[in-house]
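A.B. asks: need coordinates for the following:
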Amino acid sequence: MTKNNLVDALLVIDLQKGVCDFEWDGKDYQIYNFDKVIKGVNERIDQYYSQGLPIIFIQHNDEILTEGQTDWEIVDQLKSEKGSYFVQKKHANSFYKTNLQEILQRINAKSLEICGAQTQFCVDSTIKFAHGLGYDLQMVKGLSTTYDNDYMSAENTINFYEDIWNGRFLKLL
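C.D. replies: Numbers count the residues shown, from 1 in each chain. Down below sits the predicted model:
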């Protein structure tokens, strides 16, 4: 770990317009705690950027979130212009059939900080796979997000996963 709780690289997962804000059956939905998450992720981006450390934006790219379309774009409120790398994925696991591992090897990253959406899908899959690859992982508490589901509120889902990850897969700051 480096000073200020920064590690080798920051991974920002799927904070895209079509993930964070969408319309369904005439009703608008915004991902849980959007403003707080964006504020916290932007603070982390600023810290990594000021230290010259890589910031990697992961974008889901499929038939719904199509590259070049508005829903695929990173949300405007996020400081994506400070990104070092942009990785496209078609699976919840950010490593699956992407160039992420190649980028991390090229920059000699051994430790990663992870944040983004959605907690129980892409964030969880990426954390567990990165852990399996031997990366030292960390996350700032509350910097993953999701929606309410049929079983739990978004808040309970996030707390549930943070409890599973902490001390097993990553260090929760």
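A.B. asks: which element follows the longest helix along the chain toward the C-terminus?
C.D. replies: Across the chain, the longest stretch assigned as helix under DSSP state H is helix 34-50. Per DSSP states H and E, the first helix or strand lying C-terminal to helix 34-50 is strand 55-60.
A.B. asks: and the angle from that following strand to helix 34-50?
C.D. replies: Strand 55-60 and helix 34-50 are oriented at 140 degrees to each other (axes from the mean of the first three to the mean of the last three C-alpha atoms, to 10 degrees).
A.B. asks: the helices in this protein, which residues?
C.D. replies: Under the criterion DSSP H, the chain contains helices at 17-20, 34-50, 100-106, 124-132, 154-165.
A.B. asks: which other residues reach the shortest one?
C.D. replies: The set of residues external to helix 17-20 that reach it, using C-beta atoms under 8 Å, 6 or more residues apart in numbering, is 30-31, 34, 60, 64-65, 69-76, 117-118, 145. Glycine gets a C-beta too; all of them are placed from N, C-alpha and C.
A.B. asks: can you say which of those residues are buried?
C.D. replies: 31, 34, 60, 65, 72, 74, 75, 117, 118, 145 (16 or more other C-beta atoms under 10 Å).
A.B. asks: how close does the last one sit to residue 72?
C.D. replies: Remark: distance between residue 145 and residue 72 (C-beta to C-beta, to the nearest Å) = 18 Å.
A.B. asks: need the helix or strand of the chain with the lowest average pLDDT.
C.D. replies: strand 21-24 (a mean of 84; mean pLDDT, DSSP states H and E).
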